[in-house]
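Chemist: what's the 3D shape of this:
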Amino acid sequence: MNKLNKTNLTLIESRFKSVQRNIDKKLNSFNKKSSQRSADIWTRKQGGGGKSISINGDVIEKAAVNFSSISGNKLPASSLAIKSKLKASSKFHAIGVSVISHPLNPYCPTSHMNIRIFLEVGKNSTINNWWIGGGFDLTPFVVCEKDSLLWHKEAKSTLDEFNKTYYNKFAKNCDQYFALPHRKENRGIGGIFFDQLKHKDIATSLFLLEKTAESYVNTYEKIILANENRKFSKDDKDFQLYRRGRYVEFNLLYDRGTKFGIESNGRTESILASLPPFVTWPSSVPSRIKTKDKKLIKFINKSWSERI
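Modeler: Numbering: from 1, shown residues only. Next up, the predicted model:
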């Protein structure tokens, strides 16, 4: 694929839309007693648009499954922050799917997944440069070694099909990226994260992205089904709301995807759909919360990739 003509663009978009449909269907199926789903198709004045899906229910309290395909004549500053040969004047096209799931039960972890392809387009629609990025990570609120090991083992199994060095590299990338320096802690138990990757050619790279998304949703389903009916206390819920604050802090302070979306004049509602529905920042943290927090931080700060 050397040109980003209409046919090739439609082909790439269709593969990402298929990923969105599959994950939307799976997450929606988790809700048993009640579920509300809404879809919003939007366009961007500077070029492109997308489809944002929101899910709210008795198991998945809030989820967003978003597809976007945007283009422009000037690269956002955030895309130049990472090492690349791109120029600020380059025309670009970025296509991606992002997923965030915030379950109601504190024993069910929050999860995030993103896949994307970035193309620098020159004269006559020639693709001058391209890369893929993506990954997934898990943010638990209780210590559960079984779920954490499963998450990483499935990630490694998926990536080993493409390159046996990928898992260790991408798992370390994930720990480094999803960190809260001001808290001196990780956001969760990690997973995989990669950016500016060229796996052979565009077609093969797209297949890697599809398998990444498939691994994410299948593994997450196992974890949800194992924990969705566990009884929880008020203390458990209070702690979940407290720890959700870390999620908000990372997404607003450090996340490159959030910055890229804002700087490229994306749809604000879709960009901030990753934030949890309810969260607390108590000015004085109760001792019962501090005790749980200390135990969880020790757990999530482990190097999980070294245990696989």
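Chemist: Who are the contact partners of the residue of the chain positioned farthest from its centre?
Modeler: Distance from the C-alpha centroid of the chain peaks at Asn124, with 33.2 Å (CA atoms, centre = their mean). The contact partners of Asn124, by CB atoms under 8 Å, 6 or more residues apart in numbering, come to Lys3. Bear in mind the C-beta positions are built from the backbone N, C-alpha and C, glycine included.
Chemist: Now do it against Thr139, distance only.
Modeler: Going from Asn124 to Thr139 by CB to CB, to the nearest Å gives 45 Å.
Chemist: now do Asp160
Modeler: Look at Asp160 and Thr139: by CB to CB, they are 25 Å apart.
Chemist: Tell me which of the two has more neighbours.
Modeler: Neighbours were tallied for Asp160 and for Thr139 using other CB atoms under 10 Å; the higher tally belongs to Thr139 (23 against 12).
Chemist: Tell me what the more buried one is bridged to.
Modeler: Following DSSP bridges, Thr139 is listed with bridge partners Thr110.
Chemist: need the contact list for it.
Modeler: Applying CB under 8 Å, 6+ apart, we find Thr139 in contact with Pro109, Thr110, Ser111, His112, Arg187, Gly188, Ile189, Arg243, Arg246, Tyr247.
Chemist: for the residues you listed, which one is nearest Asn301?
Modeler: Ile189 (9.2 Å; CB to CB).
Chemist: Quick check: phi and psi at the nearest residue to Ser215 once chain neighbours are set aside.
Modeler: Sequence neighbours aside, Thr158 is the residue nearest to Ser215 in space, at 4.0 Å (criterion: CB to CB, 6 or more residues apart in numbering). Thr158 has phi and psi values of phi -70, psi -50 when expressed as degrees, to the nearest 10.
Chemist: Thr158 contacts Lys211, doesn't it?
Modeler: Yes: contact criterion CB atoms under 8 Å: Thr158 and Lys211 qualify, at 5.6 Å.
Chemist: which one of the two has more residues nearby?
Modeler: Using other CB under 10 Å as the criterion, Thr158 and Lys211 rank with Thr158 on top: 21 against 15.
Chemist: Let me know the distance separating the more buried one from Asn56.
Modeler: 29 Å.
Chemist: Next: Gly72.
Modeler: 32 Å.
Chemist: quick one: pLDDT of Ser84?
Modeler: We have a pLDDT of 52 for Ser84.
Chemist: One more: Lys32?
Modeler: On pLDDT, Lys32 comes in at 91.
Chemist: can you tell me how far it sits from Val97?
Modeler: Going from Lys32 to Val97 by CB to CB gives 25 Å.
Chemist: Next: Phe118.
Modeler: For Phe118, the distance to Val97 equals 14 Å [CB to CB].
Chemist: More neighbours: Lys32 and Val97, which one.
Modeler: Legend: neighbour count by other CB under 10 Å for Lys32 and Val97, higher for Val97 (27 against 11).
Chemist: wait, the more buried one sits on Ala64?
Modeler: No: taking CB under 8 Å as the definition, Val97 is not a contact partner of Ala64, at 10.7 Å.
Chemist: what sits opposite Ile115 in the beta ladder?
Modeler: Under the criterion used (DSSP bridges), Ile115 bridges to Val97, Gly134.
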